[in-house]
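>>> Predicted coordinates and the sequence they were generated for:
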Amino acid sequence: MSLHFGLSESQQLYREQIRRFAKQELAPRRQHWDQQRERPVEMVRKALDAGLLDIEMTHVMRGIMMEEVGSADFNCALPFLVTTEPFELNRLDGVPDEVRNPIRQLVREGRTIIAVGFTEPSSGTDVANFQSTATLDGDEWVINAVKNSISWADAEYFTITCRTEARDQKIWSLSNFLVPRDTEGVHAPRIWDDMGSHGAERGEVRFEDVRVPKDYLIGERGKAYAQMAQLFDTNRAYIGLKCIGAAQASVDETCEFARNRKVMGNSISTYQGVSFPMVEAETQLEAARLLCYKTLWLADQNLPNSKEGGMCKWWVPELTFEIVRQCLTLHGHYGYSSELPFEQRLRDILGWQIGDGTSQVSKLIVARSMFGRENTA
């Protein structure tokens, strides 16, 4: 058995490039996107022009990008990621080329975004009981749905998960559809005032008797769950890595602060009450980082990664939230202010203890891999 934990030369070079870009271009505008609630469109295009975003990237390479961009600002991480088409759902397979290719090109250029309408007001985790329906009427699908917790609820395009088969088919009764925002029956979004990740407008969108062509079905009929599972498994590692990036930046900044802050003639780093929590944080971040990159490596090898993705999702956002909280308090009241980035990082990380599956759901995924589905709730 051969193990290698280092980055290749090309991966290391990319890390240095994206880290430099994040520090120079993204970090100085962190507060702007948070306070103005803006999607950093111009930064996406600037990163594209610099050759930092590529649809041919491996999942591990995308993970490097997410970690480094997350260290500068969460608001940029997901917009950067989606331009590289990391998931099958992004590619709109099955939709006619004359429709999907121009949309994909706009996404790759950072000029538009495709929002995912999956969660419902009464069904997030319980996908077998989705109320959204799509009924075939001649050459059109008629969609009736209410979707919430949508990132970029004001997007130009949506992928919507609806029931197309008999309810007794459970998770295999669902299909995905492309729905342009300007389609008749798509209501204006109801935007929520979220605590964090202000660069992505989140909220609820209603789809009332929306008609789309028969060939706007994405992938195979009844196979939406498999598409979404592939997205969630891998995205949970990306979520972990952007949380790690924010927490690592917090630890690095706190260590620098502790070296320079003097109390009774000594740097506070000489006090174990300060240094030991940072040692623990550094150790935990290293372990979490290895887990996330293993998950992405498995995805690159086309190997199952649901269990590892579940581990990333339940553990890493909780771990990194606590690490950032400790860094904030070690800075005293100044750390509690918006003058420093810790309060924003706390708000941003907290949202990812919820998005893409709660900790409880992620633990259930891991439990089923350990005990078998028949022996778990």
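That came in fine, so what should we check first?
>>> use CA for all of it now, contacts and neighbours both
OK.
>>> what ranges do the helices span in the stretch 1-150 of the chain?
For the stretch 1-150 of the chain, the helices defined by DSSP state H, counting those that start in this stretch cover 9-21, 30-36, 41-49, 59-72, 74-82, 97-108.
>>> Just name the most buried of those.
The highest average neighbour count among these, using mean count of other Cα atoms under 10 Å, belongs to helix 59-72 at a mean of 26.
>>> Look through the chain and tell me its longest helix.
Across the chain, the longest stretch assigned as helix under DSSP state H is helix 224-260.
>>> so which of the helices of the stretch 1-150 of the chain comes closest to Pro304?
helix 59-72 (13.8 Å; Cα to Cα).
>>> Need the residues that contact the closest one.
With Cα atoms under 8 Å, 6 or more residues apart in numbering as the test, helix 59-72 has contacts from 11, 15, 18-19, 22-23, 26-27, 30, 76-78, 81, 86, 237-238, 241-249, 293, 296-297, 299-300.
>>> Quick one: work out the angle between it and helix 224-260.
Counting by axes from the mean of the first three to the mean of the last three Cα atoms, to 10 degrees, helix 59-72 lies at 50 degrees to helix 224-260.
>>> Show the average pLDDT along helix 59-72.
For helix 59-72, the mean pLDDT works out to 97.
>>> tell me the mean pLDDT for the longest helix of the chain?
In this model, helix 224-260 has a mean pLDDT of 95.
>>> wait, what's in contact with the residue nearest the centre of the chain?
The centre of the chain sits closest to Ile239, judged by Cα atoms, centre = their mean, with a distance of 4.7 Å. Residues near Ile239 by Cα under 8 Å, 6+ apart: 313, 317, 352.
>>> likewise Lys294?
Applying Cα under 8 Å, 6+ apart, we find Lys294 in contact with Glu308.
>>> hmm, try it at 6 Å
Going by Cα atoms under 6 Å, 6 or more residues apart in numbering, Lys294 touches no other residue.
>>> now swap in Gly51 and tell me
By Cα under 6 Å, 6+ apart, no residues touch Gly51.
>>> quick revisit: mind giving me the ChimeraX command for buried ones among the contacts of helix 59-72?
With 16 or more other Cα atoms under 10 Å as the criterion, this ChimeraX line picks the buried residues out of the contacts of helix 59-72:
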select :15,18,19,22,26,27,30,76,77,78,81,86,237,238,241,242,243,244,245,246,247,248,249,293,296,297,299
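>>> Partner strands of the helix or strand that contains Asn176 and their direction?
Assigned by DSSP states H and E, Asn176 belongs to strand 174-180. Using DSSP bridges, the strands paired with strand 174-180 are strand 157-163 (antiparallel), strand 217-218 (antiparallel).
>>> what's in contact with the first one?
In this case it means strand 157-163. 114-118, 132-134, 173-181.
>>> how about 7 Å then?
Strand 157-163 is contacted from outside by 113-118, 130, 132-134, 173-181, 224, using Cα atoms under 7 Å, 6 or more residues apart in numbering.
>>> Good, we can wrap up now.
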